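>>> sequence? don't have it. structure:
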């Protein structure tokens, strides 16, 4: 029995080894096949026929507007791309193989060509295309922008790679349009984590999304994105920062974590019971027209003009209950991407909580435009400390910084009044007591005299 058990174990062990070797061979074969797929020779005959001409680096076409348009497609890069199983004809179905290259075809410009091709992307990428359609980039294109990115501006269809593949930071497509912002980001704490330290750190799409890109100033999306990575931020700040949640609601993250930035107060308009950020409707520029009309000298709205603007917008708004909520933020998108190490973050309360504090020297009022981008108008800084602004800017108050002096004087009067009342009462009571005592003494003396006479 013992011998048969050993023999059985030996046979089982041999079979396991065979299975393992077979599995490893299969994996190796799959790996080889994957590598082989990246070779031009593995493409279809039709695609290889196209590449015989288009794999020439000097192949160009002069467009109607005089632009030189490159027709070069690297066969190797295409074979290694995510589209290597998509044939040329799948996207270029309007081309007649028999006449292609023999008859001239008119193309107005590279932009017009990209616009015409973008609908092809939707055939395979419906979900991403819908996300893109709701983005600020698509809204700009609908408004006639000639610079807002199309699919091919971010994804070269002939060389596109998986988004999970790590590429050099300089290859980020956002950098081509947002150059100055990207340069600032590459030198801030996140960018340096990737470039200098070789670590994983958020890049553009991690905070702003890849396709469903919204205006950064709209809602609290960017702040919530920060908290999605820095999950314990509220808890950590609560160890030293009073009224932590109130600070998180009223102050943008870069306002403290970009220590060299210039800050300002942004009074944003909200509407309805749920207090949703007010959006300007297309074709009805109420906010812009009224703000310009109210600001006669173009010096910024004063407290009365601001209150009048708020009143007018409440009268026209169906939801009603429009009010201002203040938010401390940095002055530019470039500064928002100059985040420093946490050791450099602003922690001095006097930065904001003192009379004449620097962040309160610049004030704006904002609504969201039809595409989400902010529509702004300047406000005179004294609005924050004017008694006439009590109703309009009640949604923003910083102890020591937005102090209304008239209310201070009234408070002093109230305090003095509350102190003086008992003092006056005690003084009058003491005077009356003395008068009463004197009268009683006079009565007693008169009674004594009467007794003596008797």
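That came in fine, so what should we check first? Keep in mind that this is a model prediction, so the values were computed, not measured.
>>> Specify the residue ranges that define each domain of this protein.
The chain breaks down into these domains under automatic domain parsing: 36-96+103-160, 254-403, 405-454.
>>> Off-centre distance for the second one?
The chain centre lies 16 Å from the centre of domain 254-403; the measure is Cα atoms, centre = their mean, to the nearest Å.
>>> Need the winner for burial among the domains of the chain.
domain 254-403 (a mean of 17; mean count of other Cβ atoms under 10 Å). (Glycine included, C-beta is placed from N, CA and C.)
>>> how about CSV for the domains of the chain, with distance to residue 211 and mean pLDDT added?
Below are these laid out as CSV (distance: least, Cβ to Cβ, whole Å; pLDDT from 0 to 100):
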stretch, distance to residue 211, mean pLDDT
domain 36-96+103-160, 4, 90
domain 254-403, 15, 86
domain 405-454, 50, 73
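>>> so which of those gets nearest residue 172?
Closest approach to residue 172 among the domains of the chain is made by domain 36-96+103-160 (9.4 Å; Cβ to Cβ).
>>> And the strands in the chain?
Ranges of strands in the chain, per DSSP state E, are 60-62, 68-70, 263-271, 276-277, 323-330, 363-368, 374-379.
>>> residues in contact with the third one?
Right, the one you point to is strand 263-271. 217, 255, 276-278, 287, 310, 313, 317, 319-331, 358-367, 379, 384, 393, 395-396 (Cβ atoms under 8 Å, 6 or more residues apart in numbering).
>>> and the gap between residue 109 and residue 121?
From residue 109 over to residue 121 the distance is 19 Å, taken as Cβ to Cβ, to the nearest Å.
>>> quick one, longest helix in the protein?
Scanning the chain for the helix with the most residues, using DSSP state H, yields helix 405-453.
>>> before we move on, the earlier item: nearest to residue 202, of the domains of the chain?
Of all the domains of the chain, it is domain 254-403 that lies closest to residue 202, at 10.3 Å by Cβ to Cβ.
>>> Next, the distance between the ends of the closest one.
Start-to-end span of domain 254-403 (Cα to Cα, to the nearest Å) is 25 Å.
>>> and what of stretch 99-119?
24 Å.
>>> I figured residue 328 was touching residue 253, is that so?
No - with contact defined as Cβ atoms under 8 Å, residue 328 does not count as touching residue 253 (10.7 Å).
>>> Residues in contact with stretch 100-111: which ones?
53, 61, 63, 64, 65, 67, 69, 113, 146.
>>> ok, now which ones touch the last one?
This means residue 146. Residues near residue 146 by Cβ under 8 Å, 6+ apart: residue 111.
>>> gap between it and residue 215?
Residue 146 sits 20 Å away from residue 215, going by Cβ to Cβ.
>>> Next: the first one.
Distance of residue 53 to residue 215, given as Cβ to Cβ: 44 Å.
>>> With adjacent residues omitted, what lies nearest to the residue nearest in space to the middle of the chain?
In the chain, the residue lying closest to the centroid (Cα atoms, centre = their mean) is residue 216, at 2.8 Å. Distances taken as Cβ to Cβ, 6 or more residues apart in numbering place residue 222 nearest to residue 216, at 5.2 Å, with adjacent residues excluded.
>>> So for the one you found, what pLDDT did the model give?
pLDDT, residue 222: 82.
>>> Could you do the one 5 residues further on as well?
You'll see residue 227 listed with a pLDDT of 91.
>>> Apart from its neighbours in sequence, what residue is nearest it?
Closest to residue 227 by Cβ to Cβ, 6+ apart is residue 233, at 5.8 Å.
>>> Contacts only, for that neighbour.
Each residue near residue 233 by Cβ under 8 Å, 6+ apart is listed here: 226, 227, 248.
>>> which among those gets closest to residue 416?
Of all the contacts of residue 233, residue 248 has the smallest distance to residue 416: 38.4 Å, by Cβ to Cβ.
>>> So that closest one versus residue 306, what's the distance?
In terms of Cβ to Cβ, residue 248 sits 26 Å off from residue 306.
>>> rewinding a little: want to throw the domains of the chain into a markdown table with distance to residue 170?
Converted to a markdown table, the domains of the chain look like this (distance: least, Cβ to Cβ, whole Å):
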| stretch | distance to residue 170 |
| --- | --- |
| domain 36-96+103-160 | 15 |
| domain 254-403 | 16 |
| domain 405-454 | 53 |
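>>> how about the ones you listed, which one is nearest residue 196?
Closest to residue 196 of the domains of the chain is domain 254-403 (Cβ to Cβ; 12.3 Å).
>>> shouldn't residue 314 be in contact with residue 308?
No - Residue 314 is beyond contact range of residue 308, at 10.8 Å (criterion: Cβ under 8 Å).
>>> so of the contacts of stretch 100-111, which ones are in helices?
If you go by DSSP H, those have 53, 113 in helices.
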